[in-house]
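In: Below is the sequence, then the predicted model.
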Amino acid sequence: MRAALKHFYLWVILAIIIGGLTGYAAPQTGVALKPLGDGFIALVKMLIGPVIFLTVVLGIAGANDVKKVGRVGAKSLLYFEVVSTFALGIGLLVVNLLRPGAGFHVDPASLDAAAVAQYARQAQAQSTVDVILHMIPKTFVDAFSGGGDLLQVLLVAVLFGIALSRMGEARKPVLELFEALSKAFFGMVGLVMKLAPIGAGGAMAFTIGKYGIDSLGPLLKLMACFYLACVLFVLLVLGAVARLAGFSILRFVRYVREELLLVLGTSSSESALVPLMQKLERLGCSRSVVGLVVPAGYSFNLDGTNIYLTMAALFVAQALNVDLSLGQQLSLLAVAMLTSKGASGVTGAGFITLAATLAVVPAVPVAGLALILGIDRFMSEARALTNMIGNGVATIVVARWEKELDLAVLKAELAGGPARKDCPVSEPPGSRVGV
């Protein structure tokens, strides 16, 4: 037992269980533990910008191939669009077959539109409109200090990396400095990650304490359908993609189980962004591909959010007895394809993009979102988990597409699992830029 507890993921599991029991047995205490989860996520987000910047810059400058940056970006976007379409389609199929909102017969006049408005104001910083308007930071520093967005950091990093790669021998002192800074920041990540069980436990205690279990009632059907759709997407769509790329999706999920548990506890895929990047490099992906695909994927490849958008929108329509034609449903799907771009992995963003998506069908009042307000937090876990798995698979696929994936390393790592080797989280991604 003592040896088993040395595994980090077991501590995370234990913390989540304790947090859930605390929220169930003492709801007020559970709600009071909310700062633990919020504080942990804040610490992680504090380090994401510098880590992404250093990783991308070192990857581009080390690769010394500007054309490669554009090529990887184009391949990534193509992959994102194709897979996102499948995610939207699965959500559309499941919600039409199982019809979780049928039989609710909700009167639109009885809905609490004020609750939706208040929730939207609280998460306004994560809206898709903001992402589009603020993709370009006002200043270089603003990309890191303006509450920014990963796209801002990625843009600055790509420009800096390209400029550095064109400096020739003069870039060496800068690269040496950035290598040292990278080790320092990953050391900070290692220290912060030791607090993951506390953050995950606090977040779970708040969720159960705030919303309870018995209060879910008939909305459990929607949650079950959503989780089913996410599982089908991971096993069928991502499973097929993984098989074509030469690996097993189930082994990959097992390999990143610690990160998945962290996401489950915090409801934020960003909390596992840095550890995921490290494990992808351990799997044989080059640093430059990991540094470009993963940050971009957190804004453009949100498979779980895509499934959520279509299912939640049609659930509201079904609950309000609004029959949507096939054309209207396809319009929702098309709009969801756009509004999901930029929804971050932080809880609340999916709800805001859902409001933007629902606006395309005037027959369904936005106030209908009040129906799912209470369970949005519970569905955010599945969104974040699916998003993270999707981005991991995307990185491996693009790396193989670029011929920068060591298949022997990939198969060996997945066959043995992360428990076979000790890879401290404080270790920065390897210096390999091509295979």
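Out: Thanks, I have the structure now.

In: mind checking how far the residue lying farthest from the centre of the chain is from V158?
Out: Ranked by distance from the centre of the chain (CA atoms, centre = their mean), the top residue is E169, with 37.8 Å. Applying CB to CB, to the nearest Å, the value for E169 to V158 is 22 Å. The way it works is simple: take the backbone N, C-alpha and C, and place the C-beta from them, glycine included.

In: what's the answer for A180, then?
Out: 22 Å.

In: So if I had to pick from those two, which one is more boxed in?
Out: V158 (23 against 11; other CB atoms under 10 Å).

In: just checking, the more buried one touches F53?
Out: No: V158 lies out of contact with F53 (CB atoms under 8 Å); the separation is 9.9 Å.

In: Model confidence for A408, exactly?
Out: The score at A408 is 91. That number is its pLDDT.

In: Quick check: nearest residue in space to it, chain neighbours excluded?
Out: The shortest distance from A408 to any residue other than its chain neighbours is 7.5 Å, reached at G284 (CB to CB, 6 or more residues apart in numbering).

In: R99 too?
Out: Q318 (5.8 Å).

In: The one you found - that's part of a helix, no?
Out: Yes: according to DSSP: H, G, I helix; E, B strand; the rest coil, Q318 belongs to a helix.

In: What residues does L314 make contact with?
Out: L92, V95, N96, G101, L324, Q329, L332 (CB atoms under 8 Å, 6 or more residues apart in numbering).

In: could you dump those residues to JSON lines with pLDDT?
Out: What follows is the contacts of L314, written out as JSON lines (pLDDT from 0 to 100):
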{"residue": "L92", "pLDDT": "90"}
{"residue": "V95", "pLDDT": "89"}
{"residue": "N96", "pLDDT": "90"}
{"residue": "G101", "pLDDT": "77"}
{"residue": "L324", "pLDDT": "82"}
{"residue": "Q329", "pLDDT": "84"}
{"residue": "L332", "pLDDT": "78"}
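
In: ok, of these, which come out buried?
Out: L92, V95, G101, L324, Q329, L332 (16 or more other CB atoms under 10 Å).

In: Could you list which of the residues you listed belong to strands?
Out: In strands, defined here by DSSP state E, there are no members of the buried ones among the contacts of L314.

In: Pull the residues that contact the helix or strand hosting A240.
Out: Here A240, judged by DSSP states H and E, is contained in helix 239-245. With contact meaning CB under 8 Å, 6+ apart, helix 239-245 is reached by V83, S248, I249, L250, F252, V393, I396, V397, R400.

In: Let me know the closest of the residues you listed to G199.
Out: Top of the list for closeness to G199, among those and by CB to CB, is F252 at 24.5 Å.

In: C-terminal to the helix or strand containing the closest one, what's the next element?
Out: Assigned by DSSP H and E, F252 falls within helix 249-255. Next along the chain after helix 249-255, taking DSSP H and E as the criterion, comes helix 257-266.

In: tell me what that next one is packed against?
Out: Applying 3 or more CB pairs under 8 Å, 6 or more residues apart in numbering; DSSP states H and E, one finds that helix 257-266 contacts helix 8-25, helix 34-63, helix 196-211, helix 273-282, helix 376-401.

In: hang on, the earlier thing: report the distance from the helix holding A240 to the chain centre.
Out: Distance, stretch centre to chain centre, for helix 239-245: 20 Å (CA atoms, centre = their mean, to the nearest Å).

In: Okay, buried residues for whichever strand or helix holds A415 please.
Out: Using DSSP H and E, A415 sits in helix 407-416. Within helix 407-416, the residues scored as buried using 16+ other CB under 10 Å are V409, L410, K411, E413, L414.

In: shouldn't the last one be in contact with F247?
Out: By that I understand L414. Yes: contact criterion CB under 8 Å: L414 and F247 qualify, at 5.8 Å.
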